[in-house]
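J.: structural data only, the sequence is not supplied:
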């Protein structure tokens, strides 16, 4: 059935004002100010949004959809993330990945979970590989996975400056980056190298050397967790000037910790008036959030939540930031760097991935590919095993 959405305050993410929308076949078919008279042969479900804010569905570029963890023994492996945990957070598109455990958890399993989320109504892709080199792949190479597997859009999350990484050399780093770039050229996919940044002193050194000593374009590199250390964030801001898109993680930050919370980091980015298209925000959903002692052993840990993405957006809006300034980091910027056609924008022909916010900026309703998943904060659709 067609869906006719009335009286929406549309942010596309640019403000369009009060508009009506017609949705059908998973797409946005029409946007206008006037009433739309449909013939009797085309019945539509009419939903009056009462002037509430309508925004593109959020895109999460970094989620452990099969579960993360494993650094504190086999029992510390985090379970897979269920469908409604994403949709209730306003997330309609997700990119899954492997982390420390790219041995027991496999790229094949990751691809299968991405396809499962697609079957359940979400849009889902994945990064091949994990923390380590040589990479865990399905076809035997990073380039082969990106070229031959529909759901694979790049490589990630390759760990740098972290005691859990494989300590890659510059040559190894350049080789895997080139595999991503060439595969992206061949397929029109993102071809991005998504980088887990640890808190080691070397920081983004390998990325700087790659930019200075190779022909690879800056868009290939997408470092995440850049707000985990304040000095690392300063270094990341310098890379933005060189054309790199950085990813802020919406993890919890304790008072006095040497880190920036996602709202504080995004505020700093916007206040510095850096290129507005070169910042994204992700959740690290399903990932282990460990704290290590001096011997590299976990002494406490948490688990990333999809809701942290919506919470960050809500906090930014509550601080008074205009929605059109904040939303791109959660929507259109992610779609652009990951080359996700039809995502991240409200426009005719785009996928009908939409989120409705209440007056307190909380996610109220969520539509993914033209189908309501959440209404009035309650999940209408759940994963098969929820």
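T.: Sure thing, it's come through. Note that the structure is a prediction, hence the values are computed from the model and not measured.

J.: so where is the chain shaky, pLDDT-wise?
T.: Along the chain, segments meeting pLDDT under 70 span 290, 292, 299.

J.: what residues go with each domain of it?
T.: For the chain, the structural domains run 2-55+342-379, 57-337, going by automatic domain parsing.

J.: out of the ones you listed, flag the one nearest residue 386.
T.: domain 57-337 (4.7 Å; C-beta to C-beta). For glycine as for every other residue, the C-beta is placed from the backbone atoms N, C-alpha and C.

J.: quick check: end-to-end length of the closest one?
T.: 16 Å (C-alpha to C-alpha, to the nearest Å).

J.: got it, and stretch 199-206?
T.: Stretch 199-206 has its terminal residues 14 Å apart, counting by C-alpha to C-alpha.

J.: give the buried residues for it.
T.: By neighbour count on 16 or more other C-beta atoms under 10 Å, the buried set for stretch 199-206 is 199-200, 203-204, 206.

J.: how about the helices of the stretch 201-350 of the chain, start to end?
T.: 205-213, 230-241, 262-271, 307-318, 323-326, 332-337 (DSSP state H, counting those that start in this stretch).

J.: for residue 297, which of these is the nearest?
T.: Across these, residue 297 has its closest neighbour in helix 230-241 (22.5 Å, C-beta to C-beta).

J.: tell me the buried residues in the closest one?
T.: 232-233, 235-237, 239-240.

J.: can you redo those residues as JSON lines with distance to residue 63?
T.: What follows is these, written out as JSON lines (distance: C-beta to C-beta, whole Å):
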{"residue": "232", "distance to residue 63": "21"}
{"residue": "233", "distance to residue 63": "22"}
{"residue": "235", "distance to residue 63": "25"}
{"residue": "236", "distance to residue 63": "21"}
{"residue": "237", "distance to residue 63": "25"}
{"residue": "239", "distance to residue 63": "23"}
{"residue": "240", "distance to residue 63": "23"}
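
J.: tell me the most buried of the domains of the chain?
T.: Neighbour counts (mean count of other C-beta atoms under 10 Å) averaged over each of the domains of the chain peak at domain 57-337, with a mean of 20.

J.: and the two most separated of the buried residues of helix 230-241?
T.: 232 and 240 (13.1 Å).

J.: coming back round to it: which one of the buried residues of stretch 199-206 is nearest residue 182?
T.: Once C-beta to C-beta is applied, the member of the buried residues of stretch 199-206 that ends up nearest residue 182 is residue 206, at 19.2 Å.

J.: how close does the closest one get to residue 368?
T.: 37 Å (C-beta to C-beta, to the nearest Å).

J.: same check, this time on residue 264
T.: Distance from residue 264 to residue 368, by C-beta to C-beta: 30 Å.

J.: TSV for the helices of the stretch 201-350 of the chain, including distance to residue 373?
T.: Output for the helices of the stretch 201-350 of the chain, formatted as TSV (distance: least, C-beta to C-beta, whole Å):
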stretch	distance to residue 373
helix 205-213	37
helix 230-241	34
helix 262-271	24
helix 307-318	14
helix 323-326	22
helix 332-337	19
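
J.: relative to residue 116, which of those is closest?
T.: Per C-beta to C-beta, nearest to residue 116 of the helices of the stretch 201-350 of the chain: helix 307-318, 20.7 Å.

J.: who does the closest one touch, helix- and strand-wise?
T.: Here helix 307-318 touches strand 58-63, helix 262-271, strand 279-282, helix 323-326, going by 3 or more C-beta pairs under 8 Å, 6 or more residues apart in numbering; DSSP states H and E.

J.: the longest one versus helix 230-241: what angle between them?
T.: Here helix 262-271 points in a direction 40 degrees away from that of helix 230-241 (axes from the mean of the first three to the mean of the last three C-alpha atoms, to 10 degrees).
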